[in-house]
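# sequence and computational prediction follow.
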Amino acid sequence: MQTARYNLVVDGQFGSTGKGLIAGYLAWKYRPEILGTTNGPNSGHTCVDVVGSEARSFVAKALPSPAILNAWYDDYNPLVVVGPSASFHLNRMLEEITACNLNPENLWIHKRAGVVTQAHREAEASPETGTKHLASTGQGGGAFLADKIMRRPGLKLAGDYEELKDYIGNNTNIQAIFLMNRLKNGATALHEGSQGFSLDINHGHSYPQCTSRQCTSAQCVADMGIAMKCIGDIYMVIRPYPIRVGNVVEDGKTVGFSGGHYPDQQEIDWQIVGTSAGMPQDEIDALNKRELTTVTKRLRRVFTFSEIQLREAAAINGATKIALNFSNYLDYNVYGVNTITGLTPKVFQFIERVEKVSGVKVALVGTGPRVDQVVEL
């Protein structure tokens with residue numbers, strides 16, 4: 001990760017690639033002074049750490065997931081910055097602020113960030129105005145964004161909420177200028193992007209089965225107001241078997257379709273994934289419980305790997321490094337290892353394929369959910 005630069009972690013597929021693991025690992029190891037996010041309520045990122053033999057985890061929907069390290073480690077006190085295109089449920093933000101032990105000295109929320117209300121959630125659940133037919137997460141993020149774009153009378157942004165006033169900057173441009181001055185003076189930043197490249201409303205795989213905004217690295221930078229000359233590494237996170245959020249099925253009928261796949265992919269099931277990786281049957285059975293999306297809790301649809309998807313995502317995101325997560329889904333023997341010698345020929349063969357197709361080196365390999373289960377190549 002480049003020092004004195006604005007580094008990013010983005011998703012190269014349909015989401016749920018484990019950005020929380022990679023962002024958490026990078027923050028845990030390199031301790032960047034600034035953590036940024038433009039997340040929405042339709043995306044949850046998980047950071048898992050271990051103390052002794054006990055794992056501890058944190059699911060972020062409002063803050064960057066590595067913000068929890070502020071509470072977990074006495075020697076790490078990053079500045080957490082929530083950008084103007086972020087949106088969140090107010091109660092969730094307040095809960096995460098408490099969990100991460102943040103205060104007005106180390107949390108800055110842009111005053112034009114969005115607060116998603118119950119009315120926005122109801123709009124997405126409505127038969128007339130809703131998004132169930134797209135298998136949407138239904139968290140209200142799209143409805144809020146529509147109101148913000150239309151500048152609806154009475155819409156309240158983060159700066160209008162008394163509960164957030166201590167964390168709000170007054171001038172809309174101060175946040176970006178302040179961040180770039182910090183970078184100029186030697187500080188390092190890490191930004192955790194949300195959702196996935198293939199869900200991007202303009203550059204992703206399909207419309208309307210997409211999210212309500214762009215998900216590329218360039219969009220993250222633009223939303224934060226950071227000049228391109230300040231950008232450092234762009235870590236693009238992938239998994240060997242990409243997923244899509246599960247369809248909405250009611251009374252045995254699909255009423256919400258989450259979208260198709262690339263022409264060089266096939267939709268498969270978790271039994272095939274587990275068998276191919278050499279997992280014991282009880283572990284394969286556990287996949288059907290573990291592979292639930294963080295927000296909807298619907299079982300993820302799973303697909304074979306797409307070289308077309310990888311090539312497009314790497315080019316458009318300007319990826320400088322690739323992080324391969326879920327390598328244990330390629331070969332179960334690598335589960336939990338954290339050294340290069342623990343990786344197997346099957347994993348290295350896949351890495352070689354990824355690098356050949358994308359033209360980008362694989363820098364990190366995730367072998368499990370914890371920050372100490374990452375191999376740095």
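Happy to help now that I have it.
# shaky segments in the protein?
Where the chain drops to pLDDT under 70, the residues are 130, 132, 134-136, 170-172, 294-296.
# in it, spot the helix with the most residues.
If you go by DSSP state H, the chain has its longest helix at helix 345-358.
# alpha carbons only: can I get that one in PDB?
Written as PDB, here are the backbone C-alpha positions of helix 345-358 (Å, rounded to 0.1, in the frame of the first residue of the first chain):
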ATOM      1  CA  PRO A 345      -0.400 -25.800  -6.800                       C
ATOM      2  CA  LYS A 346      -4.200 -25.500  -7.500                       C
ATOM      3  CA  VAL A 347      -4.300 -22.100  -6.000                       C
ATOM      4  CA  PHE A 348      -1.100 -20.900  -7.700                       C
ATOM      5  CA  GLN A 349      -2.500 -22.200 -11.100                       C
ATOM      6  CA  PHE A 350      -5.600 -20.000 -10.500                       C
ATOM      7  CA  ILE A 351      -3.400 -17.000  -9.600                       C
ATOM      8  CA  GLU A 352      -1.400 -17.500 -12.800                       C
ATOM      9  CA  ARG A 353      -4.700 -17.500 -14.800                       C
ATOM     10  CA  VAL A 354      -5.900 -14.300 -13.100                       C
ATOM     11  CA  GLU A 355      -2.600 -12.500 -13.700                       C
ATOM     12  CA  LYS A 356      -2.500 -13.500 -17.300                       C
ATOM     13  CA  VAL A 357      -6.100 -12.400 -18.100                       C
ATOM     14  CA  SER A 358      -6.000  -9.200 -16.100                       C
END
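# what sits up against that helix?
238, 240, 307, 310-311, 314, 319, 322, 324, 327, 330-331, 334, 360-362, 365, 377 (Cβ atoms under 8 Å, 6 or more residues apart in numbering). To be clear about C-beta, it is placed using only N, CA and C from the backbone, and glycine gets the same treatment.
# chain center to that helix: distance?
Centroid separation for helix 345-358 versus its chain: 23 Å, with Cα atoms, centre = their mean, to the nearest Å.
# then stretch 108-119?
Centroid displacement of stretch 108-119 relative to its chain, using Cα atoms, centre = their mean, is 19 Å.
# flag every buried residue along that stretch.
108-117 (16 or more other Cβ atoms under 10 Å).
# gap between residue 231 and residue 4?
Distance of residue 231 to residue 4, given as Cβ to Cβ, to the nearest Å: 11 Å.
# meant to ask about residue 178, not that
The gap separating residue 178 from residue 4 is 15 Å, by Cβ to Cβ.
# can you check residue 274 too?
For residue 274, the distance to residue 4 - Cβ to Cβ - is 44 Å.
# more neighbours, the two?
residue 274 (21 against 15; other Cβ atoms under 10 Å).
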